[in-house]
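1. Got a predicted model here, sequence first, then my questions.
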Amino acid sequence: TAFLVCKHQVAGAQRQGRLFCKVAEENAPLTLSPGDLVLANEESGHGYELTRGQETELPAAAKLTYIDSELDYRMAAVEAQRRGVTSRRVAASALPMVLRQEEAQAIADIWIQDAWVKREGVRLDLPPSLLALDPGDLVRLDLPERRAAFRLTGLSDGSFRQAAGVMSETSLYGPISAPG
């Protein structure tokens, strides 16, 4: 999936028991502020919760193995590193795909940056008026602390709809283009 996300900006999600893929939008289709959310817990007074993953759980490097079209279709590898971090983790993936070295390096570079962007998470308490939102949808949150885009990763229904998401930075991917 790293290739699809990093190269073609395709995100997968599950809806009503079915798996579907969608191309990441350039612009967030919906902007939410605290006033748009349900106050499920009067003590918190928000309707949202921001989270941040531990740095030590994130990769300091991303290694990608691929088939190099310019080296007689032999296996090759590239690596992208995040400097100045305390993590020692390495994310590794082998793509059974034919790529040029610069394509593979771009995928590895995006992969490591995307992992660090996604360390930021959100939990939202949504009103019934936002029932049309699905996992994979991109929402922009206009919060007192910050303004950021989040890709929804899960939904659960009850007396209100609760959504989970991870930060998304579409500028990492560059312009969307047809596979070539």
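-> Sure, I can see it.
2. Over to the residue with the largest distance to the centre of the chain. Which of the three states is it?
-> No residue in the chain sits farther from the centre than residue 72, which is 33.9 Å out by C-alpha atoms, centre = their mean. Classification of residue 72 using DSSP: H, G, I helix; E, B strand; the rest coil returns coil.
3. Need the per-residue pLDDT for it.
-> Residue 72 carries a pLDDT value of 94.
4. what about residue 46, is that helix, strand or coil?
-> Residue 46 - assigned by three-state DSSP - is coil.
5. Touching, it and residue 34? I think so.
-> Yes. With contact defined as C-beta atoms under 8 Å, residue 46 reaches residue 34; the gap is 6.1 Å. No exception for glycine: its C-beta is placed from N, CA and C like everyone else's.
6. Tell me which of these two has more neighbours.
-> residue 46 (17 against 14; other C-beta atoms under 10 Å).
7. Quick check: which ranges of the protein have low pLDDT?
-> Within the chain, the segments meeting pLDDT under 70 span 1-16, 19-28, 40-45, 173-180.
8. Give me the next element, helix or strand, following the top helix by length along the chain.
-> Counting by DSSP state H, the longest helix found in the chain is helix 101-117. Downstream of helix 101-117, the next assigned helix or strand under DSSP states H and E is strand 120-126.
9. For that next one, name the packing helices and strands.
-> Where contact means 3 or more C-beta pairs under 8 Å, 6 or more residues apart in numbering; DSSP states H and E, strand 120-126 is packed against strand 48-52, strand 138-142, strand 147-157, strand 161-167.
10. Tell me which of the ones you listed lies nearest to residue 86.
-> strand 48-52 (14.5 Å; C-beta to C-beta).
11. in its sheet, what does the closest one sit against?
-> When pairing is defined by DSSP bridges, strand 48-52 lines up against strand 120-126 (antiparallel).
12. burial measure for residue 133, as a count.
-> When neighbours are counted by other C-beta under 10 Å, residue 133 comes out with 19.
13. and what of residue 143?
-> By other C-beta under 10 Å, neighbour count at residue 143 equals 15.
14. and if you look at residue 150?
-> 25.
15. Mind listing the residues bridging to it?
-> Residues in beta-bridge contact with residue 150 (DSSP bridges): residue 139, residue 167.
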